[in-house]
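*Asks:* quick one, what's the 3D model for this:
(one chain, ligands or ions: 1)
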Amino acid sequence: MIEYRNIRIALLGAGSVGAEVASLLLEQGEELGERVGAGLELVGVAVRDLDSPRTADIPRELLTTDAESLILGADIVIELIGGLEPARSLLLTALNSGADVITANKALLATHGHELFEVAEQLGAQLYYEAAVAAAIPIIRPLRESLAGDRIERIYGIVNGSTNYILDRMDAEGISAEEAQRVALELGYLEADPTLDVEGHDAAQKAAILAGLAFHTAIPLESVHREGISGVTQEQVSAARAAGFVVKLLAVCERLQDPDTGEDGVSVRVHPALIPRDHPLGAVHGGNNAVFLEAAAAGPLMFYGAGAGGLQTASAVLGDVVSAARRHVIGGPGVAESTHANLPVLPISKVTTRYQVTLEVRDEPGVLARIASEFSEHGVSVEAVQQSVSAAAAGGPEDGPATATLVIGTHAAREAALSATVAALEASAVVESVSSVLRVEGT
Ligand code: HSE
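*Replies:* Take a look at the predicted model:
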């Protein structure tokens, strides 16, 4: 067997993931080297402050505050500092110095991925990022390699653990959104800026990465339609439960035809949605993640597991280290990102899906017919209507005009038509309020 010199690995960042990566490399580097056929050597760990307390026992001599110099002597650079800068500049330095790079930085990839992949391709280097989406769950490599010969039609992802935890607690225990969020915060599930999770930014970044791989198309982050969970109420969650659904924050990436031009395109969107309780994603509880996808030949597949956590995320990073080291031993250029399809990302108004609309209405003769006509005039077909007496009106006529709650499920309809229907309902004299509009997916 040919003997290779040690492959030199530089680690940038020793936070919750970086510290675990350092520990695993120090403990298991020899065994991982056997898998590669070359020695793996952690040559240094760049940190902001040498004296910060850290969870892993990293030998002092490996720590440095000089990331640039560390990078210049490395074959593989692992970026686990997060944020856009200096992460972007450091990765560019690493690529330009001839290193392969590994990152878990979804924000960086969703924002500057195009630039980084282009530089990597020009230099024949490779950028690995298995940990950037759904942490421990292998999903990047399956999309990039195992399913490269198939055609992905649709992805439904639960890719944000903290919002899944919040919605799951609301569903299981009937607690309010505020209470569930307070618990998630106490458990440290939310990002330092909780709006990144709650308003769907984190999930949108991951959706852009997944859709790019699935559809061989560069997906600008701005083209991802994003709605978070801050408007989801306990009333919606319990009504969903009663109707056999569960509310999840979904990242949806799907192929569709532009309804106006007939041309192929994709939709990439993040929003709360109702899914049937018996859908495989209905069983994703707590802070777990899952990616359910439909491929033309393979059919439905689901990838499930931990979407966060230092040790769990480190597993994905270490997998990338082994891949990068093997590539280094074999030599040759890296495999470029495939964006040949270059499909347009269509706006949400062109999406077709099913909806559930909840209305408070006056309980009088002819009201149902007027509401039904608003749907039909906008070309939206009603599938089911359920009526119940509103709690406010339950006391009897002396409490004011009788009102009822109507829950209307639609057949598949265009988002633009549904929005126009909702606007007309809001303006209608027989409608007191439109209390909820939720998309229904996975049926
Ligand atoms: N804030 C993320 C989540 C962590 O809740 O899933 C992993 O990206």
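*Asks:* and the closest residue to residue 347 other than its chain neighbours, how far is that from residue 63?
*Replies:* In space, and not counting its chain neighbours, residue 347 is closest to residue 225: 7.3 Å by C-beta to C-beta, 6 or more residues apart in numbering. Placement of C-beta: from N, CA and C, glycine included. As for residue 225, its distance to residue 63 is 43 Å (criterion: C-beta to C-beta, to the nearest Å).
*Asks:* near the ligand, anything from stretch 173-180?
*Replies:* No - with C-beta under 6 Å from any ligand atom as the measure, stretch 173-180 is seen stopping short of the ligand, the closest distance being 13.4 Å.
*Asks:* what's in contact with that stretch?
*Replies:* Residues external to stretch 173-180 that are found in contact with it (C-beta atoms under 8 Å, 6 or more residues apart in numbering): 165, 166, 167, 169, 170, 229, 230, 232, 233, 234, 238.
*Asks:* one more time with 6 Å, if that's ok
*Replies:* If you take C-beta atoms under 6 Å, 6 or more residues apart in numbering as the criterion, stretch 173-180 is touched by 166, 169, 170, 234.
*Asks:* how far does it sit from its chain's centre?
*Replies:* Relative to its parent chain, stretch 173-180 has a centroid offset of 23 Å by C-alpha atoms, centre = their mean, to the nearest Å.
*Asks:* now do stretch 267-279
*Replies:* From the chain centre to the centre of stretch 267-279 is a distance of 12 Å (C-alpha atoms, centre = their mean).
*Asks:* let me see the mean pLDDT of that stretch.
*Replies:* Across stretch 267-279, the average pLDDT comes to 98.
*Asks:* next, the buried residues of that stretch.
*Replies:* Under the neighbour-count criterion of 16 or more other C-beta atoms under 10 Å, stretch 267-279 has 267, 268, 269, 270, 271, 272, 273, 274, 275, 276, 279 buried.
*Asks:* got a list of what the fourth one touches?
*Replies:* This points to residue 270. By C-beta under 6 Å, 6+ apart, the residues touching residue 270 are 200, 203, 204, 207, 226, 251.
*Asks:* kindly state the beta-bridge partners for the closest residue to residue 223 other than its chain neighbours.
*Replies:* Using C-beta to C-beta, 6+ apart and skipping residues adjacent in sequence, the residue nearest residue 223 is residue 345, 3.9 Å away. Beta-bridge partners for residue 345, by DSSP bridges, are residue 266.
*Asks:* can you pull the contacts of residue 440?
*Replies:* For residue 440, the set of contacting residues under the criterion of C-beta under 6 Å, 6+ apart consists of 274, 354, 356.
*Asks:* got it, and residue 154?
*Replies:* Residue 154 sits next to 254, 294 when contact means C-beta under 6 Å, 6+ apart.
*Asks:* helix, strand, or coil at it?
*Replies:* Counting by DSSP: H, G, I helix; E, B strand; the rest coil, the backbone at residue 154 sits in strand.
*Asks:* so what's it scoring on pLDDT?
*Replies:* The pLDDT attached to residue 154 in the predicted structure is 98.
*Asks:* tell me which parts of the protein are close to the ligand?
*Replies:* Within reach of the ligand by C-beta under 6 Å from any ligand atom, the chain has these residues: 135, 160, 161, 162, 189, 191, 197, 202, 307, 308.
*Asks:* in the stretch 1-150 of the chain, which spans are helices?
*Replies:* Listed in chain order, the helices of the stretch 1-150 of the chain (DSSP state H, counting those that start in this stretch) span residues 16-36, 67-72, 87-96, 106-123, 140-141.
*Asks:* which other residues reach the last one?
*Replies:* Contacts made with helix 140-141 from outside it, assessed by C-beta under 6 Å, 6+ apart, are listed as residue 130.
*Asks:* please apply the same query to the first one.
*Replies:* Under the contact criterion C-beta under 6 Å, 6+ apart, helix 16-36 has outside partners 11, 39-40, 42, 45, 54-56, 58, 80, 310-311, 313-314, 317-318, 322, 325-326.
*Asks:* rewinding a little: and the gap between the residue nearest to residue 347 and residue 20?
*Replies:* Residue 225 sits 34 Å away from residue 20, going by C-beta to C-beta.
*Asks:* so between these two, which is more surrounded?
*Replies:* Between residue 225 and residue 20, counting by other C-beta atoms under 10 Å, residue 20 is the more crowded of the two (23 against 20).
*Asks:* how far away is the more buried one from the ligand?
*Replies:* In this structure, residue 20 and the ligand are 14 Å apart, going by C-beta to the nearest ligand atom, to the nearest Å.
*Asks:* helices and strands around the helix or strand bottoming out on mean pLDDT in the chain, which ones?
*Replies:* Least confident helix or strand of the chain, by mean pLDDT, DSSP states H and E, is strand 382-389 with a mean of 92. Judged by 3 or more C-beta pairs under 6 Å, 6 or more residues apart in numbering; DSSP states H and E, the packing partners of strand 382-389 are strand 403-410.
*Asks:* helices or strands up against the strand it packs on?
*Replies:* On the basis of 3+ C-beta pairs under 6 Å, 6+ apart, strand 403-410 makes packing contacts with strand 352-362, strand 382-389.
*Asks:* redo that, cut-off 8 Å
*Replies:* Contact partners of strand 403-410 among helices and strands, from 3 or more C-beta pairs under 8 Å, 6 or more residues apart in numbering; DSSP states H and E: strand 352-362, helix 367-377, strand 382-389, strand 431-440.
*Asks:* give the contact list for the spatially closest residue to residue 309 that is not a sequence neighbour.
*Replies:* With C-beta to C-beta, 6+ apart as the criterion, residue 309 has its nearest non-adjacent residue at 6.6 Å, and that residue is residue 135. With C-beta under 8 Å, 6+ apart as the criterion, the residues that contact residue 135 are 104, 289, 305, 306, 307, 308, 309, 312, 313, 316.
*Asks:* so how far is residue 20 from the first one?
*Replies:* For residue 104, the distance to residue 20 under the criterion C-beta to C-beta works out to 11 Å.
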